[in-house]
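Chemist: sequence first, predicted model second:
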Amino acid sequence: MERNTKKYTLNAGIIFISILAFAYLTTYIHELGHAIMIWLCGGNILQLNVNGPLSFDSISGYVITSMPYNIPIVIGGTLATTIVAALIYLFYRRTILSYMMLCASISTLYNAAYALSGFDDFTWLATQSWAGVMLCAGFVIINLYIAQHGLYDLFDDMWEYRTLDRLGGIANLGRQTLAAKNYASSMLSVYNYPK
């Protein structure tokens, strides 16, 4: 089967831009997960910052609080991205949100592995109990399963040009909506109804 190079390149470019945008959004979701856990633990959020996509470490984003970090706060970011990935997997798989699912699950895998490494004081909190270790291991198992489906969707979309088809469908829906609005306006003017 011969490939249409322009169409393939355009499709791959749209996928790449979508993944970058979703990676940035995933970082926000991760940091919001920490912030929600701070709030649930009774703390105040002094500052929340996200610096950029695809740098899943303490430099990509941070939350500053007045309370000491504890296990729920440290695991909150990973929990938030796991929940988002699982919800997309359950309800919106095989849509353009599959790329968000892939970014969220890869981010979660990275953060869970980082937490299990006990690399610094913050991640050490996640490994100070067997419950924390088992929770991180659970995140890894769930997100490995979700990530494999996200990668399948990604490569299938690239090969079959599905991303272009989805964007074309969105554009057609927009054109149909505008046409219906214009038709309704013209019908109202024909019958002299106030708009």
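Modeler: Arrived safely, thanks for sending.

Chemist: now the most centrally placed residue in the chain: how far from I64?
Modeler: Centroid-nearest residue in the chain, with C-alpha atoms, centre = their mean: M100, separated by 3.6 Å. Separation of M100 from I64 (C-beta to C-beta, to the nearest Å): 27 Å. For the C-beta atoms, the positions are set from N, CA and C on the backbone; glycine is no exception.

Chemist: with I45 instead?
Modeler: With distances taken as C-beta to C-beta, I45 is found 8 Å from I64.

Chemist: so for these two, which residue has more residues nearby?
Modeler: Set side by side, I45 and I64 show more neighbours around I45, with 17 against 12, by other C-beta atoms under 10 Å.

Chemist: is it true that that one touches M67?
Modeler: No - the criterion here is C-beta atoms under 8 Å, and I45 misses it with M67 at 9.9 Å.

Chemist: joint contacts of the two?
Modeler: I38 (C-beta atoms under 8 Å, 6 or more residues apart in numbering).

Chemist: mind listing the helices for this structure?
Modeler: Remark: helices assigned in the chain by DSSP state H are 5-40, 71-91, 98-117, 121-126, 130-160, 162-190.

Chemist: count the residues that sit near V84.
Modeler: Look at V84: counted by other C-beta under 10 Å, it has 23 neighbours.
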